[in-house]
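Asks: sequence unknown, structure follows:
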């Protein structure tokens, strides 16, 4: 037996573990297949798929290029406004929550309770929040802004916490030793460390919120979602096509720019 | 561009050399953000007074949800399992199909630029489609029910895992791959033995993470008729039966928490 073979047999074998995990996966997979009911499959499906494709390829150009309040451009701007304002409000609300759930800032029990609260905030689907806020403000984009603000809190706070827990605390000791006040410690010790990370997280969330804002129209909370759903339910596929094209182009542009800004922020 | 309008500050050092200090860009960014805020306030009819005078309405629904309707539990069981099944099946298939797609999208393996371009654009378009919209389209094609939801989750997983995977493949170290190609393996074999082991832990961890999110997405897909617990959610909201909605949300929160805990355990093991 030469050296290479010896090394090969030396490698830890966890075949049994891998086998077990694979078996569990296969069982789960088989179990989950039972959920798919093919009886509902309609024969007209293919023809509908064809007409959807046709609609997307030949979009309603009047709608796509219209400048009025019914045009795609206005709806997209409204969607951006909802996402932008919602992200700003949400990221401000998330800051205190994040500090309250960081285990190196507050005692463990407080952090744990805040974390549970955040999980609950995160689990409630956006559409449910939308309906709740419509009670407050009536249908319209204002409800959308508040909804986006609340649904972003969960994830923003979670990501903020990671940044806060990574804080370099040795700086505070040196600042204490040269006689800084608490305010100075926050201003020159904490904010420079957190600001760029928080900003990068906010931009990332804005990206996601744009997608969320585009479906809030489903419950009447403004944005491009409502016309999209109406057009779909009325089988006006070329209108669907023009709205989807506008949405996809907008999201791609925002994603590209936000990625650029974020790499710049992270690299300094 | 910016430096031309606001010329950088010049500092003459003691040695006579001139150092340029670029002007801070913070003011212009601040102005842009404020303009954006004002425009957004106007576009969305933001009304602070209304918020102040009617905020308590928000808690009316929450108040109605407590206490949740416990008797509702037995009839929730089946749709909840359906939701989990939908997300398992969709995530599993999506993650598996993502491997060949990511293979085709990596510029360091496929040399034909046109193929990688097309695959990347395809993945981007899939990713930008909101899940609810693709689910709605799927219900038109596959009929109402869990199949449409599974397809929507499948597409989202494919796009998400596919994107992260091709980025990892492009960042993988190519030395072993080149060595294997040079001893006469074909691309697929070299990929299998040189690149795949490198990306495997990350791939599994991404897929698990995506699955976690998918459970949450799957819960609302029923809202457009794509099966699962969202159907009941829609019904409860429609009838303003908020006690049942509270029960659904409670069950959902518990399920999501359990699944997140399990998958986090495995993801920690993987890294």
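Replies: In hand now; what should we look at? Everything numeric here is computed off the predicted structure, so don't read it as measured data.
Asks: in the stretch 151-268 of chain A, what residue is nearest chain B?
Replies: residue A:251 (4.1 Å; CB to the nearest CB). (Glycine included, C-beta is placed from N, CA and C.)
Asks: packing partners of the helix or strand harbouring that residue?
Replies: Taking DSSP states H and E as the criterion, residue A:251 maps to helix A:237-267. Helices and strands touching helix A:237-267, by 3 or more CB pairs under 8 Å, 6 or more residues apart in numbering or on different chains; DSSP states H and E, are helix A:45-57, helix A:61-65, helix A:72-100, helix A:191-213, helix A:225-233, helix B:113-128.
Asks: still on that earlier bit, what about the residue of the stretch 151-268 of chain A closest to chain B, how many residues close to it?
Replies: 22 (other CB atoms under 10 Å in any protein chain shown).
Asks: hmm, back to that, residue A:264 is nearest to which of the helices and strands packed on helix A:237-267?
Replies: Closest approach to residue A:264 among the helices and strands packed on helix A:237-267 is made by helix A:191-213 (9.3 Å; CB to CB).
Asks: now the closest one: buried residues?
Replies: A:193-194, A:196-198, A:200-213 (16 or more other CB atoms under 10 Å in any protein chain shown).
Asks: identify the residues contacting it?
Replies: Contacts to helix A:191-213, defined as CB atoms under 8 Å, 6 or more residues apart in numbering or on different chains, come from residues A:79-80, A:82-84, A:86-88, A:90-91, A:95, A:126, A:144, A:148, A:151-152, A:155-156, A:159-160, A:163-164, A:167-168, A:171, A:223, A:225, A:250-251, A:254-255, A:258, A:261-262, A:265-266, A:268, B:128, B:130.
Asks: wait, residue A:114 sits on residue A:103?
Replies: No: counting by CB atoms under 8 Å, residue A:114 does not reach residue A:103; the two are 10.1 Å apart.
Asks: more neighbours: which of these two?
Replies: Legend: neighbour count by other CB under 10 Å for residue A:114 and residue A:103, higher for residue A:114 (20 against 14).
Asks: how much space between that one and residue B:81?
Replies: Distance of residue A:114 to residue B:81, computed by CB to CB, to the nearest Å: 31 Å.
Asks: ok, residue B:144 next?
Replies: Taking CB to CB, one finds residue B:144 at 18 Å from residue B:81.
Asks: show me which positions of the helix holding residue A:251 end up buried.
Replies: Buried residues in helix A:237-267, defined by neighbour count with 16+ other CB under 10 Å: A:237-248, A:250-251, A:254-255, A:258, A:262, A:265.
Asks: residue contacts, the most centrally placed residue in chain B?
Replies: Central residue of chain B (CA atoms, centre = their mean): residue B:160, 6.5 Å from the mean position. Residues near residue B:160 by CB under 8 Å, 6+ apart: B:127, B:206, B:210.
Asks: run the last query once more with 7 Å
Replies: By CB atoms under 7 Å, 6 or more residues apart in numbering or on different chains, the residues touching residue B:160 are B:127, B:210.
Asks: over to residue A:156?
Replies: A:90, A:91, A:94, A:201, A:205.
Asks: run a quick neighbour tally on the nearest residue to it once chain neighbours are set aside.
Replies: Using CB to CB, 6 or more residues apart in numbering or on different chains and skipping the chain neighbours, the partner closest in space to residue A:156 is residue A:94 (3.9 Å). Residues lying near residue A:94 (other CB under 10 Å) number 27.
Asks: same question, residue A:229
Replies: By other CB under 10 Å, 20 other residues sit near residue A:229.
Asks: ok, now the one 3 residues further on?
Replies: When neighbours are defined as other CB under 10 Å, residue A:232 has 22 of them.
Asks: next one: residue B:211
Replies: For residue B:211, the count of nearby residues is 21 (other CB under 10 Å).
Asks: likewise for residue A:150?
Replies: 21.
Asks: with residue A:49 instead?
Replies: Residues lying near residue A:49 (other CB under 10 Å) number 15.
Asks: tell me the pLDDT at it?
Replies: Residue A:49 is assigned a pLDDT of 80 by the prediction.
Asks: output the below-cut-off pLDDT ranges for chain A.
Replies: Scanning chain A with the threshold set as pLDDT under 70 gives A:1, A:37-43, A:68-69, A:268.
Asks: may I see the domains of it written out as residue ranges?
Replies: Per automatic domain parsing, the structural domains of chain A span A:3-33, A:50-267.
Asks: buried set for the first one?
Replies: Just to be clear, that refers to domain A:3-33. If you call a residue buried by 16+ other CB under 10 Å, then domain A:3-33 has these buried ones: residue A:32.
Asks: starting at the chain centroid, how far to that domain?
Replies: Counting by CA atoms, centre = their mean, to the nearest Å, domain A:3-33 is centred 34 Å from the centre of its parent chain.
Asks: next: the longest one.
Replies: The chain centroid and the centroid of domain A:50-267 are separated by 6 Å, computed with CA atoms, centre = their mean.
Asks: with stretch B:122-133 instead?
Replies: For stretch B:122-133, the distance to the chain centre is 10 Å (CA atoms, centre = their mean).
Asks: wait, does that stretch contact chain A?
Replies: Yes: counting by CB under 7 Å from any CB of the partner chain, chain A is contacted by stretch B:122-133 at B:124, B:125, B:128, B:130, B:132, B:133.
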